[in-house]
Structures are given as structure tokens and as C-alpha cells.
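Colleague: Predicted model and sequence follow; I will ask about them next.
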Number of protein chains: 4
Amino acid sequence: MATIYTYLGPEGTFTEAALLQVADAVQSVRIPAANVNIALEKVRTGEADAAMVPIENSVEGGVSATLDAIATGEPLGIIGEKLVPIRFVLVAKLGLLLEDIKSVSTHSHAWAQCKQWSDRNIPHAEYLPGSSTAAAAVGLLADNCPYDAAICSPLVAEQRGLTVLADDIGDVADAVTRFILVSKPGALPAPTGSDKTTLVVPLPEDHPGALMEILEQFATRGVNLSRIESRPTGQYLGDYFFSIDVDGHLAEERVADAVRGLHRISPQLRFLGSYPRADRRGYSVPRHHQDKAFREAYTWVEGILKGT
Amino acid sequence: MATIYTYLGPEGTFTEAALLQVADAVQSVRIPAANVNIALEKVRTGEADAAMVPIENSVEGGVSATLDAIATGEPLGIIGEKLVPIRFVLVAKLGLLLEDIKSVSTHSHAWAQCKQWSDRNIPHAEYLPGSSTAAAAVGLLADNCPYDAAICSPLVAEQRGLTVLADDIGDVADAVTRFILVSKPGALPAPTGSDKTTLVVPLPEDHPGALMEILEQFATRGVNLSRIESRPTGQYLGDYFFSIDVDGHLAEERVADAVRGLHRISPQLRFLGSYPRADRRGYSVPRHHQDKAFREAYTWVEGILKGT
Amino acid sequence: MATIYTYLGPEGTFTEAALLQVADAVQSVRIPAANVNIALEKVRTGEADAAMVPIENSVEGGVSATLDAIATGEPLGIIGEKLVPIRFVLVAKLGLLLEDIKSVSTHSHAWAQCKQWSDRNIPHAEYLPGSSTAAAAVGLLADNCPYDAAICSPLVAEQRGLTVLADDIGDVADAVTRFILVSKPGALPAPTGSDKTTLVVPLPEDHPGALMEILEQFATRGVNLSRIESRPTGQYLGDYFFSIDVDGHLAEERVADAVRGLHRISPQLRFLGSYPRADRRGYSVPRHHQDKAFREAYTWVEGILKGT
Amino acid sequence: MATIYTYLGPEGTFTEAALLQVADAVQSVRIPAANVNIALEKVRTGEADAAMVPIENSVEGGVSATLDAIATGEPLGIIGEKLVPIRFVLVAKLGLLLEDIKSVSTHSHAWAQCKQWSDRNIPHAEYLPGSSTAAAAVGLLADNCPYDAAICSPLVAEQRGLTVLADDIGDVADAVTRFILVSKPGALPAPTGSDKTTLVVPLPEDHPGALMEILEQFATRGVNLSRIESRPTGQYLGDYFFSIDVDGHLAEERVADAVRGLHRISPQLRFLGSYPRADRRGYSVPRHHQDKAFREAYTWVEGILKGT
């Protein structure tokens, strides 16, 4: 039976571009969702097998909606990640030239990321917020569209045959967004030697060293952090959880040991997954943090306890 | 000469409510700005003396636009903070009842924060993104307004005499937003015994212990962190700076010493200000981290170096 | 078959006093040994079942001979400890009064510990080093003994019927020496809830943080150090090992986990034993460092790895 | 006026050999002292200008008498250090051959260090403790000397024209002892770029992390420890102070800053001196721990506090 995918829609968003990188997604059912929460809910209810949602943007930072949605509610698991270079294009109503553009719509984040280009090239254009880049683009096809142009992905421009007035208009050259593929919790993807593990760690107590205690669990096992984001729990100012990515797979002893250490000091810890890195970048682990060193230590202590 | 204030507008936003808490702001000039960057730019150019902007929301987390805008560009200084309880109201076109509402506009964050109420009370209403809660509310007064209702602050409802269909509709009971008052760098507000210091610390190098080294600078001087936010520098995935609030004033030795330690390991550190806490909450400092202990240590070492 | 004990002799030393605290030692064979190495060698060869030797003195510090002898060579295990209050007496040849004493012999450590008393009461007496306090005392019974008096334990004075000219002459009121009972490695004594674990940890590398890395293994598991002694390896200046006592038994998870951590960073680590504390003092372990927390963390991670 | 030196005597000890390395000591008055305390007391009373005493032996470890004597009482300052290779010789009464030796005297530490040689070459010789290697050697010249041979330094053998039966008989090839030159506290020797600083740090409180807090003061400033010795305060078991050598001079900012930090957490800290290293070995200091980084940080914070 074919896999059913959902993603942060509508069609033509960068998220669909990420999903299309998944091997079997091109031939599969792809259901756009109106927002991240709806996409994840489809997975929780079984309506979809997996959801592709954005988690981190090199310019805008963590995607709060995703970080928060996977940190609470019915547990979910991350089974993969994809990177999509973010290239914006300006599309317009048929027949309009750049100098004719009086108003532009797009998602507010996209608008922010093309600000310098807009100031230079369409300084007098009014901005109308859109619910997504793709929605703004598709809106241009409607009869009574209240704006002249939209900023969107090359994918939707191509899908809908929209006129591209300007290409690659983002202010930051190498902007990239990271997306995660989320399913119900289950067997972990096998370790590949270049993996990532994602955790959600509530700050156990509001004291000066609480965050340091969390970080020490990684440091004493030589586990490298590749991302750390603080997010409010929503309860009161200063009540945080941390969304953390580390290098390595839970099946590697040093990661498992660090996670066990975290579980002791912050038992509400949530394990979100171990999965292959999109960039396939490896990491070197010092001898004393390798599985062999862990197993030897384990065996050695067992031997003493058994009196052998 | 009267102080000229600017703030994240339009009129009637929660930010204006925060500004109105400042002693002389009621009688002063208050210029609304279209976004945080514009507000801060008015201060940088001298068009305004100070700007009130949101920095942190107990539900939504750090306000990225503000965190990023004060972390870069021409230096600015925080001279005060204000807390505003976030209470949302639903306002509508004259004559409409709750059951008549087919479409609602508001800022996307406000929409997210009233999601549960909307699902229960206006489940079929379409959502149209607005550039701010106040803009959405004011839009209702226009002749051809494309939506029926708006979610906004009580302030703008009162200022514009709008019909309130429902009050206190936020999903989280005690939501509160923290705002900062920003001016050009200058003399620091005097220490009050209940102060806060805000810093921007670029992660010096991409290695496992870099964040721990930063935190140790505080820990070894007994300086408590009350907020830490990671933000992308915008350069590439995984390149961060940290926005940090600590308890205490730079005129206190333990804070100055920690800041000096940070400056050594991360010389691009930005000091954003020491200012009175809005909640007036005090903090106890152990004897060995008090100014007296620092001065005694300083004098003692000086004595040895002078051979006395 | 009765246990055969050896101890740092000769008869009448404080070490024999420690051995006599062991339940079955009074009726057992007790073989005095000329020095710590010989006593331990008797255990290694099987000539004796266990040896009592001093390890730490509250005035003089660690007993280097013992620390070094158990840290190298054929492995041994500590199975118990005893505390002996150190009370010195001055014994003399028959018929002599305090004012007649022209020369005194004793072990150099005992001489050091009675220095103030000697300076006040027998200021002109010459000091002759003795190989032990008991040997010096017993020497007085020989015909041609070259000294008039000896400083020794009350035990030997009583055993040999020597004339005590002055009692309790030590300079420090509550001096106490700690002794350990050493046997071949085997089954550990059962945990009692008030135990001690002794380790020998070579400094893994000569770098600034090496000792800190060792201490962190304990700190991150809430394991308290009750003794730490640096000892040279004898190879070159600055090449150390550390002799460490911690609160707790290897059968307690937090101790086992810390020991495993140490084994990874310093594989030449030597485990010397877990045994009941002589002072029966308990220790409180925070919830997150208790066995239950370790087991829950272990089970939790196993569950994830099995995909359940 | 010529400098008056004292040293741990008698004449011909390794300590005198260390003293003779001091430039002007050969022509100066050199007063042997019976023990370390007496030598240091001569400095305290002004009877001598400086005292040479042993502090650390690569085989035997720290010299407790010295560590304790400089850690308490009227303050003293270390102004230099010397290294002496430890080479032992066996000297005997005139006319005796190796096979004639029935008894040997020497200091107990020297005996311990030549144990393997003695077991192989004079297995049946009785050992008589001596108060020093030199005293044992000189004793051979007395008419009624009760022993046949002595283990001593080449220096005393040469000074007294004693017959050397065996040379270089120590069990460890490259044994070396470190000696310190101690005077009254005063102006510190000028920094040379290869210096050492010696500190005495009482453990502030008996809690798990107390030693770590001390070490962190060094670690956060990049100050390397080259020696750490625990010593009992003599009060009760487990009450320690630490004798610590670090790389660098108090006139270097990172050392001064670490010492200030220590003074805050352990105000009874004793500074014993900054002086040139005997081995002239240099040390590299990372940019962010160099004086320049400290001064820049200091200036930067001052600028903010002055509002400039």
C-alpha cells in the first residue's frame, strides 16, 4: 500500500519541494495541510503516514509552530530531514512589468527575507500579508486579486505557469531551510554513521545552573550539539524548554548514555528521533567516547560486581 | 523639551499600552511605527528619543524581529522594560452577532493564541491575516472591509468605540508580553537593587563546549540567567548568537566581571543595557559574589603585586 | 579454618589496635609485618588472608607507603576500615623521672605529633629516630638501650608493662588514624547504606582540565568525594595518580555509572573496594541520582531502541 | 652585606646541592638546619635571609613537612626553585667490601628508593633509620658507629672523602627532587615569561563540588595546574587544604584574575610566590587569556559604565 504524505501547503511551497526529495513521494499521495498543526494531526490520527514540515531557517531561525507542535501532544517521531535552498522569485499578473507593481503579497517571513531587494527595486509597492508564499502566488490567478505581484518559490511559479519578473531576489545568498519528516513513533531508522538525534528537554528547575547541568550531560560523553533553541512553555515568562539536535544516533552508546543522564535530571524529556543527516557530514568520536569504550567499561564494572 | 517616543504601531496595540505605562509618555508625542525596524531606526537617526518594542511573549516566545534588530546595526541601549497582560477581545462590524461572523482578521500570533476559543465559538469563520491586531480592528471601520470581525486589544476597541462581542478570549489565562524601551547608548540607569542586564553573545566557535564556556562565565560569578534565546546569525544553519538576560546591573562587580570574561572569549559581544526590572523582584547574592568580596580580592592582589 | 591476619607491626602499634577492632581478630592468628609492603605481600602470596594497614592520619595526611603499595602490583581489595584515636604516651626506663630524660626514640611521625609537648616538657632531650613507635618502646627493655624514653601507643605500654611518665601528649586533641583491611580481590561486602568506595585514578593526560574531567564524572552523578590524594607515579615530576574515596557502594547505580565514566577516560583506573564506613555516617542522595532514576532512564531508553 | 642562607642539613644533603646552584650561595654563609621547620623559622626571625628546602620528589611525592610549614604560621614567600637529580651512592667504613656489609643506615625515604638494589646486592643487611642521608654517612666516621654502611648523596661522599662501594643505586633512573628558596614576603621576582605561582587553598566547605569550584577558577582563565597536592589541615579527617602550582606569574592578568576568584570563594587562601621556573619551559597562552584580552575587556566595561 502506498504511503500517504501530508505537508505544510498549499501546493508549490518550499515544503512540497522538500517532500519531493523523498524517494517514493513523487508517486505517492501528497495532501497539503493549512498549517503545521493540521499536518501533524493528520499523522496522529492515521489519516497520513508522514508529514513534512519546516523546522529551521538559516535566516529566520527556528520555526516556532513546528518546534512547539512536536514538543507537546501525542508523541511523534522524526524519521528524516531534508534541506532546501531558499530561492525567491517575483511573479506578477500577466502583462505587468516591474515598474507597474503597486502591491505585493507573500508570507511575512518571505517579505522580510527580500526586504533589501524590494527597497531597491519596488520601493513604493504596498505589502499585503499572505498566509503562505504559494497562496499569494496562486491568488494572482483569481479574477479580482487585490494585489499585483507575489514573492514565491520557483516550484509554484513553474507549476502554475506564472510570469517571473525577477529571480533569486532573497537578501541572503545561501539561505536554506531544514525540513523534517514526521511519523508516529516506531522503530528508529538504522544508524548510518552520520545521524542526528532530536530531543525536547524541559528546564528542570529555575536555578542558575540548570541549563549547564543539561549541557554537561552531553559534554561529559563527548556528544556535540548542532542546534539548541529555547522555547517558552507558554506557562509564564522564563519557563522554557530546549529543542536540541545532537550528532549521533540513540543506538550509539554515548548518545544513549547522555539521554539516560538527561532523563534522570529532566524526566519529562521527549525523544523525537534519530535519523540520517541530510548533509551526510560525518563526525569523529574520540576513542574514550566510542561504543567500544562504553562496552569495556560496562563489562569491567560487571566483572567486579560479580566478584570475578 | 519633551521626549519624543515611537512604538510598534498602529495606535491601540499592546505596545502602545506598554508605552503608556512610562511616566511622561501620556503627555508626550507618541509616533507609531510600521514595524520594529522602523521604530528602532527612528531612534538611531534621532527622529525619536526612545522606542517601545515587544521582546518576549509568555506564549509565543522571543520576538525575533526585535531580538535581531537590536543585535545588529548601529548600537542601541535598553533603558527600561514594561510588562503588559495580554487580553484579547473580539470586535465586529456594527450590528453583527457572534453567529453572523463569517471571517476574522488579526495578526497571526493573536490568531494562534485564540485558536481554542475560535474553534469552539466561531468554528466556520475564515481567517484573513492582518499586519497587526490594531490594523485589523481599525479596518472594520472602512466601507468595503472584506472581513466581519477582528481580534485585538481592549485599548484599540475603546479608542475606536468598536463593538466588543467577546472579552478575554485568549487560550492561556495569564499571558503576558514584555516590552523594552530603547534609546541611543548613554549613561546607564542607576542601579536599584533589582535590575536586569541584557547581552548579545555570538557563539565564539562551533565546538561542543562553546555554549558551556559562555554559561560558565556567569556560573563562576554566581550570576543568574533569567532568559536565554538562541537566534541564527543569518549566515548559515547552526551559526547562532544568544540573547541573554541576567539578574543584576553592570555596576555590580560580579556582573561586570562576568561581562569582562565574556568579552575575552567572544569579543563581538554586545552590551544592550542594565535597567530596573519591571517586576521589582529582588535577588539574593551569596557573600562571596558580593561587591565587597570582589573589592577585597582586588585589594589583596594589588597589595601582593606592590610588595606591601 | 581460622582467618590469618597480618598487620603493620611490631606488636603494640596503633595498627594492631585497629586490627583488634575486627570481630574475629582477637582469637585469630595475627602476624606483625616489618612494613606495609611486606604485609600486603603476605596477602598477595596467600600467607595471610587479610592485612590491616594505616591509610590516612588526621594530622600527618595520607600514608604514602600504603597509598602507593595498593595502587600498583598484583591487585588487592579493601574490605573494611577502622578508625583509631591516636593517643601518645611517654614511657621510660624503670626508675627514671621526667627530668631525667636525656634522649627519646619513636617513629618520626609520632615525634612530629608530640613536638609542642616535648618542647615544653623535655626541651633538652635528644631525638633518635625509631622504625616504629612500638619498636622504640620495646627497645627500652633491652640491656644496652641507647635512649632513655620512647613515645608510643597505650597498647604497647600495657602489653609490655612499661612505666608511663606522661599520657595523652599529642599536640592535636582529636587525632585519629584510619586503617584499611585488605584482602585478595573477590566478592564485594554487601551494601549497608553507609559505604565507601576507593579508587585509584591515573591522570589521563597532562592537560589543564584533566583533573576536572575526572571530578565531573562524580559531579554529574551526584557522587560525593570524601578524600582525594595526589600521589606521584614515580616516573617524572608532575606525573600523578589520584587516590579517591567516594560515598557509596559500587552496587549503587550512581557509583557504578561514575566508575564506568572514569574507566572510559582513564582505563588504567583501579577499583580497590566498596566497604562499610567505620563511622556509619549516612548520606542523602537526591531523587534524580537514586537507583530508581537510573533504572527508569535505562528502561526508557531500552523501550525507544526496541521501538515499543 | 652578604646574604645568609640556611637549608635542610646537615652538610652534604641534596638540599645543600640545590642551594649551591644559587648564584651567590657558594661564597655566602650557609647554615644547616636540623629540620624544615627550623630552617623556615630562621627566615621568619631574620637569622637567615633565605632557606632552601625540598618540596617535591618525583618518587616519594610532596614533602609534607615543607608543604605544611609554609602553609601556616607567619607568612613566607617562595622566590625561586631548583631541581636536583637524585643519585644515591653506598659508602662504607674503610676497608669493607660489599659482601662485608651487615647493616646500613640512611633516611627512610632514601632506603625506600634503593630497595630493589639492596634486595639484590645486600639482601641480608639490617636497616637502621637515620635522620638524614648525610647524617648517616657522617656517622661512619665516628669510632663506635653501630652500622657498616650508609646510602647518601655523592656530595657528602666527596666532602667527607668516604669510600664509595656502589654508585647510582636508586631504583628509578631519573629521580629528581625539587627545592624551593624561601624568604620573607616582599617584592615578587620580575616575570620572565616562564614562571610558576604557588598557592595554598583551604577547601572552603565540605561539599561535593568544592574542589571543582576551585579548579574552575583556573580553567575559566586558561591557567594550567602543574602540581596539586592535598594536605590535611590537622583538624579532622577529611579537612583539607590544597597546595597548588600553576604556570604563570601573578603579574599576568589571567593569573591575577584566577587568584582574585579564589580569594572570593576561599578567603583564607595563601599566596606563596611567583618565581622563575627551574626548567625554563615556556607555555603558550591562547589569545583570549592573554593580558591584552583582559585589558581590552576591562577598558570596554569601563567605557560602558562611564557612558562613553
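Modeller: Received the coordinates, thanks.
Colleague: For the closest residue to A:Leu20 other than its chain neighbours, the count of nearby residues, please.
Modeller: Distances taken as CB to CB, 6 or more residues apart in numbering or on different chains place A:Val26 nearest to A:Leu20, at 6.0 Å, with adjacent residues excluded. C-betas here are computed from N, CA, C, even on glycine. Neighbours of A:Val26 under the rule other CB atoms under 10 Å in any protein chain shown: 10.
Colleague: Let's verify A:Lys42: helix, strand, or coil?
Modeller: Under DSSP: H, G, I helix; E, B strand; the rest coil, the three-state class of A:Lys42 is helix.
Colleague: Other residues contacting the host helix or strand of A:Tyr298?
Modeller: Per DSSP states H and E: A:Tyr298 is located in helix A:291-305. When contacts are defined by CB atoms under 8 Å, 6 or more residues apart in numbering or on different chains, helix A:291-305 is touched by residues A:252-254, A:257, A:287, C:188, C:250-251, C:256, C:259-261, C:263-264, C:267, C:271.
Colleague: same thing but at 10 Å, please
Modeller: Applying CB atoms under 10 Å, 6 or more residues apart in numbering or on different chains, the external contacts of helix A:291-305 come out as A:221-222, A:251-254, A:256-257, A:285-288, A:290, A:308, C:77, C:185, C:187-188, C:249-251, C:255-257, C:259-265, C:267, C:269, C:271, C:273-274.
Colleague: restrict these to contacts with chain B.
Modeller: When CB under 10 Å from any CB of the partner chain is applied, the members of the contacts of helix A:291-305 adjacent to chain B are A:Gly222.
Colleague: Among the contacts of helix A:291-305, which ones are in strands?
Modeller: When DSSP state E defines the strands, the subset of the contacts of helix A:291-305 inside them is C:Gly77, C:Phe271, C:Gly273, C:Ser274.
Colleague: The helix or strand bottoming out on mean pLDDT in chain A - contacts with which helices or strands?
Modeller: The helix or strand with the lowest mean pLDDT-type score in chain A, counting by mean pLDDT, DSSP states H and E, is strand A:61-62 (a mean of 76). Contact here means 3 or more CB pairs under 10 Å, 6 or more residues apart in numbering or on different chains; DSSP states H and E; on that basis strand A:61-62 packs against strand A:50-57, strand A:225-232, helix B:64-71, strand B:225-232.
Colleague: Out of the ones you listed, which one sits most buried?
Modeller: With neighbours taken as mean count of other CB atoms under 10 Å in any protein chain shown, those reach their highest mean count in strand A:50-57, at a mean of 25.
Colleague: Next up, the contacts around A:Lys306.
Modeller: Contacts of A:Lys306 by CB under 10 Å, 6+ apart are C:Ala187, C:Leu188.
Colleague: where does it fall, phi/psi-wise?
Modeller: Listed backbone geometry of A:Lys306 is phi -90, psi 0, with angles given as degrees, to the nearest 10.
Colleague: how close does it get to chain D?
Modeller: With distances taken as CB to the nearest CB, to the nearest Å, A:Lys306 is found 29 Å from chain D.
Colleague: which residues of chain A score low on pLDDT?
Modeller: Along chain A, the model assigns pLDDT under 70 to residues A:1, A:205-208, A:308.
Colleague: tell me the domain boundaries of it?
Modeller: Annotated domains of chain A cover A:1-85+A:176-185, A:89-167, A:187-308 [automatic domain parsing].
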